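*Asks:* heads up, no residue letters with this:
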């Protein structure tokens, strides 16, 4: 299968981006500045990510809210117009088909899904469309997406937009003009733990908006590598690592995105059973307390002299200058402050179970 390219592929190449296959696309994992420099730029100033590979579904019609409520875990009916939430798409086993963002507009709903799962997600939720008076469309190819992230993001974006950015609260959005581009969805969301905005717009304007936002030299181009280290410092789940179709929201410690009282939704019966009877594993966050090489996925987690689980995400945190990660262990080993060990290259190194986010931010 040939790989797709985002509308910004030529810019990534011109900037010297290291292009790798990712979720069916050719994407920049880093630029010549390097992952650590890009990571630190987002934490201290501002970074710009091309996330146009993400998938977008448009749901229109009188029962669009009811439909999305039936195929996701969070309560869409509780969203205000102009509000966003994080949610899960489950199967009948109660495990994750994907995680997603849900945007509530006045007369429609938009779901934003992972690129690697887009076609699978669309087929999965399409099975339920006929039960509702609504229409489901995959509009991914008609949407480009930029993420401007970092403490300086608002000051930078405010130079170029007519939107009142002060009025956009965290996980809310508006529509406005950025540069000469009209009808941009300006969303105060992101995957970094920093303040920032995600901009959804017509792909024809991708290059001009990228150049506009980076024209002053105070925005760093940021790739997939630092996107991963930034989200891991915040303990944010990555589909395919921390959540997949083998784990439920209860096991992944994502209880807050499940609203059991809203009515029926796919996977609810299994979740009700698990809630009553408990789970066999829990997702933990941890920080290395020994000086060690970085923890990596599939490394064994030890507790009480036995291997009890494995790392699902791990890296050397640029912000903490320390090894961090997440992994699944039995519930008795998941207590905050608990002592564990990570087996790295045949040796065991001490670590501690910590509360998320791993990096504490204001």
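*Replies:* It's in. These numbers were taken from a predicted model, which means no experiment stands behind them.
*Asks:* tell me the centre residue of this protein?
*Replies:* In the chain, the centroid-proximal residue (C-alpha atoms, centre = their mean) is residue 191; its distance is 5.1 Å.
*Asks:* how much space between that residue and residue 325?
*Replies:* Computed as C-beta to C-beta, to the nearest Å, the residue 191 to residue 325 distance reads 17 Å. For glycine as for every other residue, the C-beta is placed from the backbone atoms N, C-alpha and C.
*Asks:* returning to that earlier point: just the pLDDT for the residue nearest to the centre of the chain.
*Replies:* Looking at residue 191, its pLDDT stands at 98.
*Asks:* SS state for it?
*Replies:* The three-state assignment at residue 191 reads coil, by DSSP: H, G, I helix; E, B strand; the rest coil.
*Asks:* Now do the contacts for it.
*Replies:* 147, 149, 227, 230-231, 236 (C-beta atoms under 8 Å, 6 or more residues apart in numbering).
*Asks:* rerun at 7 Å
*Replies:* 227, 231, 236 (C-beta atoms under 7 Å, 6 or more residues apart in numbering).
*Asks:* Same check on residue 39?
*Replies:* For residue 39, the contacting residues are 226, 229-230, 318, by C-beta under 7 Å, 6+ apart.
*Asks:* cool, residue 314 as well?
*Replies:* With C-beta under 7 Å, 6+ apart, residue 314 has these contacts: 294-297, 299, 323, 325.
*Asks:* how about TSV for the contacts of residue 191, with neighbour count and distance to residue 135 added?
*Replies:* Shown next, in TSV, are the contacts of residue 191 (neighbours: other C-beta atoms under 10 Å; distance: C-beta to C-beta, whole Å):
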residue	neighbour count	distance to residue 135
227	25	32
231	19	33
236	20	31
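*Asks:* So which of those residues is the closest to residue 210?
*Replies:* The shortest approach to residue 210 among those belongs to residue 227, at 16.2 Å (C-beta to C-beta).
*Asks:* So that closest one versus residue 29, what's the distance?
*Replies:* Relative to residue 29, residue 227 is positioned 9 Å away (C-beta to C-beta).
*Asks:* what's the answer for residue 65, then?
*Replies:* Residue 65 sits 38 Å away from residue 29, going by C-beta to C-beta.
*Asks:* dump the residue contacts of the residue lying closest to residue 116 once chain neighbours are set aside.
*Replies:* Distance criterion C-beta to C-beta, 6 or more residues apart in numbering; nearest residue to residue 116, sequence neighbours excluded, is residue 23 at 3.9 Å. Taking C-beta under 7 Å, 6+ apart, we find residue 23 in contact with 53, 114-116.
*Asks:* got the buried residues for stretch 121-135?
*Replies:* If you call a residue buried by 16 or more other C-beta atoms under 10 Å, then stretch 121-135 has these buried ones: 121-122, 124-125, 129, 132, 134.
*Asks:* What of stretch 92-109?
*Replies:* Across stretch 92-109, burial judged by 16+ other C-beta under 10 Å covers 94-105, 108-109.
*Asks:* Next, format the residues you listed as TSV and append secondary structure and pLDDT.
*Replies:* Shown next, in TSV, are these (DSSP: H, G, I helix; E, B strand; the rest coil; pLDDT from 0 to 100):
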residue	secondary structure	pLDDT
94	coil	98
95	coil	98
96	strand	98
97	strand	98
98	strand	98
99	strand	98
100	strand	98
101	strand	98
102	strand	99
103	strand	99
104	strand	99
105	coil	98
108	strand	98
109	strand	99
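*Asks:* between those residues, which is closest to residue 59?
*Replies:* Using C-beta to C-beta, residue 109 comes nearest to residue 59 of these, at 4.5 Å.
*Asks:* any chance you could map the strands in the stretch 51-200 of the chain?
*Replies:* Along the stretch 51-200 of the chain, counting by DSSP state E, counting those that start in this stretch, strands occupy 55-60, 83-90, 96-104, 108-113, 135-138, 144-149, 173-178, 181-187, 196-201.
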